[in-house]
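Colleague: Predicted model and sequence below, questions to follow.
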Amino acid sequence: MSWFPAYEAAKAFTEMRHSSEPILHLVHPRPVQWNTLLTPIAETLGVPLVSYDEWINALSTSVTAGSADEVEAMTVNPALRLLPFYQAQKEVSTSDREAMGLVILSTEKATGVSPTLAALPQLDASRAVRWVAAWKKAGFL
């Protein structure tokens with residue numbers, strides 16, 4: 001997973017804006033596995049962490065397609081609207097790609113022009129726990 005916080009993204013973007021490079025990838029230069037961040041988030045929230053297959057199966061069986069309850073279910077659980085997309089991601093997720101089948105982007109040129117991006121520490125459990133605290137403080141959770 002190559003996410004990184006918006007503040008660092010904005011700072012890196014401003015450092016990149018006058019580069020002579022025609023294309024720069026604004027992603028974390030040291031990606032981590034999903035579980036590196038999702039496990040501490042799940043633990044902090046006190047929710048179980050299940051495999052992608054288990055989640056897709058539970059989502060698929062939560063409502064009968066074409067039923068009168070389907071529209072209501074999609075209102076309550078918006079993930080149902082994207083079920084076909086999530087199911088397709090199982091086929092494109094491989095070890096040589098990021099989660100959801102996204103290609104791994106090179107950051108060699110980007111880190112060459114952005115000191116912020118070059119110095120960005122790898123994400124870890126403590127950062128994920130701080131995100132949860134911020135989401136709670138903001139009323140998102």
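Modeller: Good, I have the coordinates.

Colleague: Find the residue ranges of this structure scoring beneath the pLDDT cut-off.
Modeller: By pLDDT under 70, the low-scoring segments of the chain are 65-68, 92-95, 99-100.

Colleague: please redo it, this time with the cut-off set to 90
Modeller: Residue ranges of the chain with pLDDT under 90: 1-6, 31-35, 51-53, 59-105.

Colleague: tally of neighbours for residue 16?
Modeller: 19 (other C-beta atoms under 10 Å). Heads up, the C-betas are built off the backbone N, CA and C, glycines and all.

Colleague: How many residues are close by the closest residue to residue 52 other than its chain neighbours?
Modeller: Of all residues not flanking residue 52 in the chain, residue 90 sits nearest, at 6.8 Å (C-beta to C-beta, 6 or more residues apart in numbering). For residue 90, the neighbour count with other C-beta under 10 Å is 12.

Colleague: In terms of helices and strands, where is residue 90?
Modeller: Assigning secondary structure by DSSP states H and E places residue 90 in helix 83-92.

Colleague: repeat for residue 128
Modeller: Going by DSSP H and E, residue 128 is in helix 125-137.

Colleague: Contacts made by that helix with the rest, please.
Modeller: For helix 125-137, the external contacting residues (C-beta atoms under 8 Å, 6 or more residues apart in numbering) are 36, 37, 38, 39, 40, 41, 44, 45, 141.

Colleague: repeat that with 7 Å
Modeller: 36, 37, 40, 41, 44, 45, 141 (C-beta atoms under 7 Å, 6 or more residues apart in numbering).

Colleague: Ok, stretch 32-47 next?
Modeller: For stretch 32-47, contacts defined as C-beta under 7 Å, 6+ apart pick out 1, 48, 49, 99, 122, 123, 124, 125, 128, 129, 132.
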